[in-house]
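Asks: Let's see this in three dimensions:
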Amino acid sequence: MAYTTEQLLTFRATYRRRRRRLLVLFGLVMLASLALLLLYGERNWNIGFAVGVAGLIVLAVIDHRCPACRKYLGSSVAGMLLIRQCPKCGVTLVDQGAA
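Replies: Residues are numbered from 1 along each chain as shown. Prediction:
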């Protein structure tokens, strides 16, 4: 399907916003896990970490989709960070010069 330039820019902005949100939430889960470790010691921090990671996985499954075709973009963490183009529809999700 041919998209207009405005649509393509919207797709890129949407993907950038979703990826940023996932990275920020990942950082927050890591900080919360560290805080739990410091507060409660080695006994209980892993429960909070597991809940946070489970939440991130659910968010990734729901949110890691192509803004154009709405297909799931894959499950690898590296893929979430490095994907530049939708493997299903071919829409460029990240500008060539951007990461």
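
Asks: need the longest helix for the protein.
Replies: Counting residues, the longest helix found in the chain (DSSP state H) is helix 5-40.

Asks: and the next element down the chain from it?
Replies: Counting by DSSP states H and E, the element after helix 5-40 in chain order, helix or strand, is helix 45-63.

Asks: the inter-axis angle of that next one versus helix 5-40?
Replies: Orientation of helix 45-63 against helix 5-40 (axes from the mean of the first three to the mean of the last three CA atoms, to 10 degrees) gives an angle of 170 degrees.

Asks: Can you mark which positions in helix 45-63 are buried?
Replies: 45, 48-49, 52, 56, 60 (16 or more other CB atoms under 10 Å). All C-beta spots, glycine's among them, are computed from the backbone N, C-alpha and C.

Asks: Can I get these in CSV including distance to R19 and pLDDT?
Replies: Output for these, formatted as CSV (distance: CB to CB, whole Å; pLDDT from 0 to 100):
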residue, distance to R19, pLDDT
W45, 27, 67
G48, 24, 71
F49, 22, 74
G52, 18, 75
L56, 13, 76
A60, 10, 76
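
Asks: ok, so of those, who is nearest R16?
Replies: A60 (15.8 Å; CB to CB).

Asks: isn't that closest one right up against L22?
Replies: Yes. In this structure, A60 is within contact of L22 by CB atoms under 8 Å, at 6.4 Å.

Asks: how close does P67 get to L23?
Replies: According to CB to CB, to the nearest Å, P67 and L23 sit 17 Å apart.

Asks: So those two - more neighbours on which side?
Replies: P67 (19 against 12; other CB atoms under 10 Å).

Asks: That one belongs to a helix?
Replies: No. Read with DSSP: H, G, I helix; E, B strand; the rest coil, P67 is coil and lies in no helix.

Asks: May I have the residues that are in contact with it?
Replies: Shown in contact with P67 (CB atoms under 8 Å, 6 or more residues apart in numbering): 10-11, 14-15, 18, 91, 93.
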